[in-house]
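Trainee: one predicted model, sequence on top.
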Amino acid sequence: NAGVTQTPKFRVLKTGQSMTLLCAQDMNHEYMYWYRQDPGMGLRLIHYSVGEGTTAKGEVPDGYNVSRLKKQNFLLGLESAAPSQTSVYFCAVSGTGYYGYTFGSGTRLTVV
Amino acid sequence: ELKVEQNPLFLSMQEGKNYTIYCNYSTTSDRLYWYRQDPGKSLESLFVLLSNGAVKQEGRLMASLDTKARLSTLHITAAVHDLSATYFCAVVFLSSGSARQLTFGSGTQLTVLP
């Protein structure tokens, strides 16, 4: 039972390149979230999803796109990476009737 | 504006001492969370506080919630080196509706010195 799995764990991109981060859960939870963590700023919400096929913008959505075609997967895309997107990205999941949030292990992304 | 403020941001304390971390939030919430994060690691859930006056304790850590004051505290008793980490509070604001997204404070980096 893996819970929440993020891939990849590390990635270095050149400015302008694109990539997709995958968050996969085996908890059958409805809610999925993408956060970024920068030093001294806590975690900030990028996008989130309340169910399969639905997504919405969070606090810092610019430069990112998301998709949730299957309930268990939430993808975060960077179409044209910028150095300002250097960060650690965390996925979190939660569910109806469940007060907890389970976090993935994170993806450390560096854009050079 | 939905804001969560923690203080202090940095805390150095000696082993055996007591201290409190404060978490203020800007508007009505029905849930508050405390997390611990070790360097390079993910977030570990410590406490979930669901109602006014809620108090939870685990080992040397005790968390409380005052919804009227919009304040939560994380009290550390007789600190030990193993408690060195960054501690975050996070709030689910009622205005988030069914999305229930967490809004995080900036974190308190705790260092326990021998």
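Mentor: Yep, that arrived. Residues are numbered from 1 along each chain as shown, chains lettered A, B, ... in the order given.

Trainee: could I get the full set of strands for the chain?
Mentor: You didn't say which chain, so I picked chain A. Secondary structure of chain A, counting by DSSP state E: strands at A:4-7, A:10-13, A:19-25, A:31-37, A:43-51, A:54-57, A:64-67, A:73-78, A:87-94, A:102-103, A:107-111.

Trainee: chain B, not that one
Mentor: With strands called from DSSP E, chain B shows them at B:4-7, B:10-14, B:19-25, B:29-37, B:43-49, B:55-58, B:61-66, B:71-76, B:85-93, B:102-104, B:108-113.

Trainee: which ones are touching whichever residue of chain B sits closest to chain A?
Mentor: Proximity to chain A, evaluated over chain B using CB to the nearest CB, is greatest for residue B:104 at 3.9 Å. Using the backbone N, CA and C atoms, a C-beta is placed for each residue, glycine as well. Residue B:104 is in contact with A:35, A:42, A:43, A:44, B:4, B:88, B:89, B:90, counting by CB atoms under 8 Å, 6 or more residues apart in numbering or on different chains.

Trainee: just these now: which is nearest residue A:4?
Mentor: Taking CB to CB as the measure, residue A:35 is the one of these closest to residue A:4, at 12.2 Å.

Trainee: for residue A:71, which of the strands of chain B is the nearest?
Mentor: Closest to residue A:71 of those, according to CB to CB: strand B:102-104, at 20.3 Å.

Trainee: now the strands of chain A in TSV, with distance to chain B?
Mentor: Listed next are those as TSV, based on distance: least, CB to the nearest CB, whole Å:
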stretch	distance to chain B
strand A:4-7	9
strand A:10-13	11
strand A:19-25	12
strand A:31-37	6
strand A:43-51	4
strand A:54-57	7
strand A:64-67	13
strand A:73-78	13
strand A:87-94	6
strand A:102-103	5
strand A:107-111	8
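
Trainee: switch those over to TSV; also include mean neighbour count and mean pLDDT.
Mentor: Converted to TSV, these look like this (neighbours: other CB atoms under 10 Å in any protein chain shown; pLDDT from 0 to 100):
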stretch	mean neighbour count	mean pLDDT
strand A:4-7	18	98
strand A:10-13	14	97
strand A:19-25	19	98
strand A:31-37	24	97
strand A:43-51	21	96
strand A:54-57	14	95
strand A:64-67	18	98
strand A:73-78	20	98
strand A:87-94	23	97
strand A:102-103	20	96
strand A:107-111	18	97
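
Trainee: per-residue confidence at the residue of chain A most remote from its centre?
Mentor: Ranked by distance from the centre of chain A (CA atoms, centre = their mean), the top residue is residue A:97, with 22.5 Å. pLDDT, residue A:97: 74.

Trainee: give me the most central residue, chain A.
Mentor: residue A:34 (3.2 Å).
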